[in-house]
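> 3D, please:
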Amino acid sequence: MDKTAIRDAATLILLRDLPDGPAVLMGQRGKSAAFMPGKFVFPGGAIDPNDAQVPVQAIAPDVQVSLTQDSKHTPTAILAAAIRELWEETGLILGTPGTWHDAHQGWRGFAGTGHLPSAQGCAFFFRAVTPAGRPRRFDARFVLAAADHLASDPDDFSRAEDELSHLQWVHLAKARDFDLPFITQVVLAELTAHVNGTRTDAGVPFFRNDDEDRLVTRLGGAAVL
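This is a model prediction of the structure:
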């Protein structure tokens, strides 16, 4: 496999209202990781072939339409990948009670909890391509969901795999104090505007990374940054 080729990926931004303000779920990548070593990130990763066959519940019609735009993957595959990465990296379940007897490889642990993956409340929030010259490159769709839709304890990370350490709910007001990738800083700025009610609804921001100006456009719209 060409490791410099751009792979499609999905990231889950989980937003939680805490008594002292909104927070997002983040964890730290290993310092020896090939991609973004030591950085604090949202759960996410590459879309797997099996994700397209997953019975994702409750996909909103507008999300179905927006995730179809300029994508070789179905909305089901993108949302499934985001939910699976959340499960693998944090042990949290974004799902609804249900029996899944024929779960594919990579999903059997999730199915074993007695849940079907659910996109209830999920929104297509951001898209970004990793800059050229990095050891791994991804075309990532960022999906936003509220922690209220979790079917598990939001503070229980006991079933998480070891890809992310220091899993925690990071207050938006303090998130930029962490060691973050540049694109995560951009997404957090957009998320803060969303929480404050100042975000435009003109379309999903797309950070293309295909020009010297690192232009951000909105899917179907004009440049915004």
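
> For stretch 168-187, measure first residue to last.
Chord length of stretch 168-187, first to last residue, is 18 Å (Cα to Cα, to the nearest Å).

> in it, what's buried?
168-170, 172, 175, 178, 180-181, 183-184, 186-187 (16 or more other Cβ atoms under 10 Å). All C-beta atoms are positioned from the backbone trio N, CA, C, and that covers glycine.

> In three-state terms, how would the closest residue to Gln105 other than its chain neighbours be classified?
If the residues on either side of it in the chain are set aside, Gln105 comes closest to Asn50, at 6.3 Å by Cβ to Cβ, 6 or more residues apart in numbering. Asn50 carries the three-state label helix when classified by DSSP: H, G, I helix; E, B strand; the rest coil.

> Isn't Asn50 up against Ala103?
No - checked against Cβ atoms under 8 Å, the pair Asn50 and Ala103 is beyond contact range at 9.2 Å.

> hmm, back to that, what's the local residue count around the residue nearest to Gln105?
For Asn50, the neighbour count with other Cβ atoms under 10 Å is 16.

> Next, the contact list for it, please.
Contacts of Asn50 were listed using Cβ atoms under 8 Å, 6 or more residues apart in numbering, and they are 104-107.

> how near is it to Val170?
Distance from Asn50 to Val170, counting by Cβ to Cβ, to the nearest Å: 31 Å.

> hang on, the earlier thing: now, which of the buried residues of stretch 168-187 lie within helices?
Among these, the members found in helices (DSSP state H) are 183-184, 186-187.

> now these as CSV including pLDDT and distance to Gly27?
Below are those laid out as CSV (pLDDT from 0 to 100; distance: Cβ to Cβ, whole Å):
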residue, pLDDT, distance to Gly27
Ile183, 89, 16
Thr184, 93, 12
Val186, 91, 19
Val187, 94, 15
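
> Just flag the most distant two among those residues.
The most widely separated members of those are Thr184 and Val186, with 7.3 Å between them, by Cβ to Cβ.

> Good, we can wrap up now.
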